[in-house]
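Colleague: Sequence first, predicted coordinates after that:
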Amino acid sequence: MIESLEPVLDNLPFLWAGIETTLVVSALSVACSLVLGFAAGLGRCFGPAWLRLPLVFYIDSMRAIPVLVVIVWTFFAFPILFGLTMTPIVAAVGAISVHVAASIAEIVRAGVESIRQGQSWAGLALGMSHAQLLRKVILPQAVTRMLPSFGSAIIVTIKDSAIASVIAVPDVIRHAESVVAQTYRPFEVYSFAMLVFFAILFPVARVVDRLYLRIGHRGRS
């Protein structure tokens, strides 16, 4: 039971600093994973044959490896293999982005392939180039159909940021662990951390749902 909120209130500035780090890591990871995943998905659908096999290997391998393993490997193995030392935040953002991008690439591929082939034939028959066809016919419908899955991927990315505490990223979980070690009040402190993630993720889910309800009709054909 909650005996007192003092462990949280007394350490609120310290916990707030962790929340800010969580927001930064989450925002950067979401942006990078969307860009990389979109590029990988389009490359798998429309790229040259020599590019598709490496993309398939990347997508399947990342989907088969837990994100925790990717984060730890990135932080500890990169300096050994490449002599490249990264800060915990950079390692976390890079690892989460590369891991989530594999799933986003599959979302993109599924969205593109869901567009009926007849629309592509019709566009080519009208004299459209492949770039015009992709930009004006396929992507507007496909992106709309991808929205719910994109929302889920964004939520997963933000939740995965909590795992970054294992490599000493000073996020809200890491700071909560420090407060618990000092106060011996895990219930109150970790409940606060849970509410922080709820406060971040619930609006994201609602915004994506409302956006899809507003423009979802554009993806129907």
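Modeller: Cool, the structure landed.
Colleague: Tabulate the CA atom coordinates of stretch 163-178 in PDB.
Modeller: The C-alpha trace of stretch 163-178 is given here as PDB (Å, rounded to 0.1, in the frame of the first residue of the first chain):
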ATOM      1  CA  ILE A 163      15.100  -1.000 -21.300                       C
ATOM      2  CA  ALA A 164      17.900   1.400 -22.000                       C
ATOM      3  CA  SER A 165      18.400   1.800 -18.200                       C
ATOM      4  CA  VAL A 166      20.500  -1.500 -18.400                       C
ATOM      5  CA  ILE A 167      23.300   0.500 -20.000                       C
ATOM      6  CA  ALA A 168      23.100   3.300 -17.600                       C
ATOM      7  CA  VAL A 169      20.900   5.700 -19.600                       C
ATOM      8  CA  PRO A 170      19.800   8.200 -17.000                       C
ATOM      9  CA  ASP A 171      16.100   7.800 -17.800                       C
ATOM     10  CA  VAL A 172      13.100   7.700 -15.400                       C
ATOM     11  CA  ILE A 173      13.600   4.000 -14.700                       C
ATOM     12  CA  ARG A 174      17.300   4.500 -13.800                       C
ATOM     13  CA  HIS A 175      16.500   7.400 -11.600                       C
ATOM     14  CA  ALA A 176      13.600   5.500 -10.000                       C
ATOM     15  CA  GLU A 177      16.000   2.700  -9.200                       C
ATOM     16  CA  SER A 178      18.400   5.200  -7.500                       C
END
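Colleague: pLDDT averaged over it - what is it?
Modeller: Stretch 163-178 shows a mean pLDDT of 94.
Colleague: Next: stretch 33-42.
Modeller: 95.
Colleague: Return the set of buried residues in it.
Modeller: By neighbour count on 16 or more other C-beta atoms under 10 Å, the buried set for stretch 33-42 is 33-34, 36-42. Where you see a C-beta, it was placed from the backbone N, CA and C, and this is true even at glycine.
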